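[1] Structure for this input, please:
(2 chains)
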Number of protein chains: 2
Amino acid sequence: MKQTYTGPHAAPGDGTARVKKLINDPSTVTTESLEGFAAAHADLVEVHFDPTYVNRAGGAVSGKVGIVSGGGSGHEPLHGGFVGVGMLDGAVPGAMFTSPTPDQIAPALQAADGGAGVLAIVKNYTGDVLNFETAAELADAEGVTVRTVIVNDDVAVQDSLYTAGRRGVAGTVAVEKIAGAAAERGDDLDAVTALAEKVIANVRSMGVALTACTVPHAGKPSFDLPDDEIEIGIGIHGEPGRRRIPLASADEITEMLLTPVADDLGLAGGERVLLFVNGMGGTPASELYVVYRQARALLEARGVQVTRSLVGNYVTSLEMQGASVTVLRLDDELTALWDAPVHTTALRW
Amino acid sequence: MKQTYTGPHAAPGDGTARVKKLINDPSTVTTESLEGFAAAHADLVEVHFDPTYVNRAGGAVSGKVGIVSGGGSGHEPLHGGFVGVGMLDGAVPGAMFTSPTPDQIAPALQAADGGAGVLAIVKNYTGDVLNFETAAELADAEGVTVRTVIVNDDVAVQDSLYTAGRRGVAGTVAVEKIAGAAAERGDDLDAVTALAEKVIANVRSMGVALTACTVPHAGKPSFDLPDDEIEIGIGIHGEPGRRRIPLASADEITEMLLTPVADDLGLAGGERVLLFVNGMGGTPASELYVVYRQARALLEARGVQVTRSLVGNYVTSLEMQGASVTVLRLDDELTALWDAPVHTTALRW
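    Model prediction:
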């Protein structure tokens, strides 16, 4: 007997499915989540509503270049979790998997300006790029100098469901960390922008999905993935990747992710890298370390030295099971900026 | 047509199901994961194999009380993620959801002894308690003074599948943090033990599962939970809780977790607490903050002040979807120890 559901957990359709999530209503989850985030971390962040954006507690730092990023919600801790000392001054969360609007982004850019201009770090999705562009014009009209960099680290596909060119994925964390450190030490807008571009030129990523995820208001998985298949090269919104293959071993999957990343970077023996294994949200930490182990072994087999590491859920796709592998080519300058103190809810040292 | 699977991902049974995880083989996942963990965090930890335990990098600190915890794997970052300065000196991971053995625990206790004795922090599961007891006797025979505290913060049930009395769950993080801080500042074994007992007396938790999880070598979900039901009072190994109910709103569920916790603690208006919303592994951060928001509102409605907060995946059940709410009654002493510097892979400030 089929049961019919009504109310906030009822999935769109014939009423026989429910969205099994810790939510009150799909239409309020982003706002309620941000209210909780603001209350839990009042020492680090302020959340503004209507329009919605996240600010470093205490507001813009006079004389410091401001750093702002943003994008659809559902990728937490990206970006709000990276607001704080040594990283972002502002983050602009859109609706789930949806670009933030110019009227959210523009006030966030203004709020982050301490008089030295603002760098906007934008992941390469058409909506994000357009809306940040419009917002930068609005902010400029208010006297804020805005530079924009576009992160496009995903080597999986050229052009995609929401993108012309490569998508921006987990490599964004490295761009935000290093640009944030440069701004914190007092670099000017040109220098901070050049460093962000340097990271973008030297960071590549690729991911895999074992399961799909469900956007609350969609009420059904973002794509269909059979029980015995995985998607190599998945996007962080479940966009198609390179290919579907039968479930393989962790070592085989890791090789399929690491090799295109290392090849695209043109890594040579003797080079140093940051190796970042990112969880998509629903994969246990133990599995992420199994992937890290093999990715590191493959890099070492190429003569590449892994001198910095990051493992965990940093750029997620709600509860998707899967992972991505990101490699950033390091030199002394990028290493020092990566190591510089950071104090945010998601990254802290 | 049913397909038959063989190899490492084949689930036990008739060969028609696969375990969809980033693993190479169920029998090697714990070891491979620890190898990755050791390689990623060599600045903080050393992992010993055969027998397996995790050590603070550099070994025991002379004159400092050692702090050791342990338990089944599958709850990462617990416990290895809490090894480092200001928290644990050692962690002993058993097989997935399985108690570590005395021959693992005893060398970990010895390795953590800097001459001032060792406190063992044990979650209340029968196997863990017995094996730590035997290990303490073995270590004692080698001249190591061991004290043991039993964490039993889960108010959901008295006695359970693997436990006499209450289970130990997410409150363990607070016990480890505060005992670790006391040891780091130079408290002796009696004082550190008394502080751990004080935390245990003042911390309570309760959890909910929306989905089950799959232990790799079991190859099937640890329990069955229909699509439209949730389990209130779930244990971290999927042990039964208080009751199954139809899916409810996040606010309703949060009330079902927070109220027994606050009532059991006997919280009165004007008291201060740490509010800790823990993810079970597969729940997005956005949902954890929705739970935090309501738990905080309910505490404030009782006149209780939330003066410290923690939100994230700290004591997980593999990829289980769900969350737990932990409340720790604070005073100036516990607040100062909670705030003391900590430098581990999972907790750092």
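[2] residue contacts, A:W349?
    With contacts defined as C-beta atoms under 8 Å, 6 or more residues apart in numbering or on different chains, A:W349 is in contact with A:D339, A:P341, A:V342, B:R348. In this view, the C-beta of every residue, glycine as well, is placed from N, C-alpha and C.
[3] cool, and A:K64?
    A:D89, A:G114, A:A116, A:A183, A:E184, A:G186.
[4] Just the buried ones from these?
    A:D89, A:G114, A:A116, A:A183, A:E184 (16 or more other C-beta atoms under 10 Å in any protein chain shown).
[5] Out of the residues you listed, list just those in helices.
    Within the buried ones among the contacts of A:K64, residues falling in helices by DSSP state H are A:A183, A:E184.
[6] need the buried ones among the contacts of A:K64 in TSV with pLDDT and distance to chain B, can you?
    TSV is the format used below for the buried ones among the contacts of A:K64 (pLDDT from 0 to 100; distance: C-beta to the nearest C-beta, whole Å):
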residue	pLDDT	distance to chain B
A:D89	98	21
A:G114	98	25
A:A116	98	28
A:A183	98	22
A:E184	98	18
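[7] Could you single out the nearest of the buried ones among the contacts of A:K64 to B:K220?
    Here the nearest of the buried ones among the contacts of A:K64 to B:K220, counting by C-beta to C-beta, is A:D89; it sits at 47.9 Å.
[8] Quick check, pLDDT for the residue lying closest to that closest one once chain neighbours are set aside.
    Nearest in space to A:D89, with sequence neighbours left out and distances taken as C-beta to C-beta, 6 or more residues apart in numbering or on different chains, is A:A112 at 3.9 Å. Model confidence at A:A112, given as pLDDT, is 98.
[9] And for A:L275?
    pLDDT, read off for A:L275, is 98.
[10] what are the phi and psi values for it?
    phi -110, psi 120 (degrees, to the nearest 10).
[11] What residues does it make contact with?
    A:Y292, A:A295, A:R296, A:L299, A:V306, A:R308, A:S309, A:L310, A:V325, A:T326, A:V327, B:A40.
[12] And A:R166, by the same measure?
    Neighbours of A:R166 in contact, by C-beta under 8 Å, 6+ apart: A:N124, A:N152, A:D153, A:D154, A:V155, A:V157, A:Q158.
[13] Surely the last one and A:N124 touch.
    If I follow you right, that is A:Q158. No - with contact defined as C-beta atoms under 8 Å, A:Q158 does not reach A:N124; the gap is 11.2 Å.
[14] Who has more neighbours out of those two?
    Taking other C-beta atoms under 10 Å in any protein chain shown, A:Q158 and A:N124 do not tie; A:N124 has more neighbours (22 against 12).
[15] gap between the more buried one and B:V45?
    Between A:N124 and B:V45 the distance is 37 Å, computed by C-beta to C-beta, to the nearest Å.
[16] And A:A164, by the same measure?
    Here A:A164 is placed at a distance of 44 Å from B:V45 (C-beta to C-beta).
[17] So for these two, which sits in the more crowded spot?
    B:V45 (24 against 12).
[18] The more buried one pairs with what?
    Per DSSP bridges, the residues bridged to B:V45 are B:R56.
[19] Quick check: closest non-adjacent residue to the residue nearest the centre of chain A.
    The residue lying closest to the centre of chain A (C-alpha atoms, centre = their mean) is A:V315, at 4.2 Å. Leaving aside its chain neighbours, A:V315 sits nearest to A:A170 (4.3 Å; criterion: C-beta to C-beta, 6+ apart).
[20] Could you give the number of residues near that neighbour?
    Residues near A:A170, counting by other C-beta under 10 Å: 29.
[21] ok, now which ones touch it?
    Here A:A170 is in contact with A:D153, A:S205, A:G207, A:F276, A:N278, A:Y314, A:V315, A:S324, A:T326 (C-beta under 8 Å, 6+ apart).
[22] Ok, A:P100 next?
    A:T52, A:Y53, A:G70, A:G71, A:G72, A:V92, A:P93, A:G94, A:D128, A:N131.
[23] ok, and the closest non-adjacent residue to A:R308?
    A:L274 (4.1 Å).
[24] So that neighbour, which state does it fall into?
    Recorded secondary structure, A:L274: strand (DSSP: H, G, I helix; E, B strand; the rest coil).
[25] Number of residues surrounding it?
    Look at A:L274: counted by other C-beta under 10 Å, it has 25 neighbours.
[26] So what sits opposite it in the bridge?
    Beta-bridge partners, per DSSP bridges, of A:L274: A:R308, A:L328.
[27] That one reaches A:A174, doesn't it?
    Yes - here A:L274 reaches A:A174: they are 6.6 Å apart, a contact under C-beta under 8 Å.
[28] where do the contact lists of those two overlap?
    By C-beta under 8 Å, 6+ apart, A:L274 and A:A174 have these common neighbours: A:T326, A:L328, A:W338.
[29] Give me the phi and psi for the first one.
    When read as degrees, to the nearest 10, the backbone of A:T326 gives phi -120, psi 140.
[30] A:N278 is in contact with that one, correct?
    Yes - the criterion here is C-beta under 8 Å, and A:T326 meets it with A:N278 at 6.3 Å.
[31] Spell out which residues are contacts of both of the two.
    Going by C-beta under 8 Å, 6+ apart, residues that sit against A:T326 and also against A:N278 are A:A170, A:V173, A:S205.
[32] Closest to A:H79 out of those residues?
    The closest of the shared contacts of A:T326 and A:N278, once distances to A:H79 are taken by C-beta to C-beta, is A:V173, at 9.4 Å.
[33] my read: the closest one touches A:F82, true?
    Yes - look at A:V173 against A:F82 with C-beta under 8 Å: they come within range, at 7.1 Å.
[34] quick one: which of these two has more around it?
    Shown here are A:V173 and A:F82; by other C-beta under 10 Å, A:V173 has more neighbours (30 against 26).
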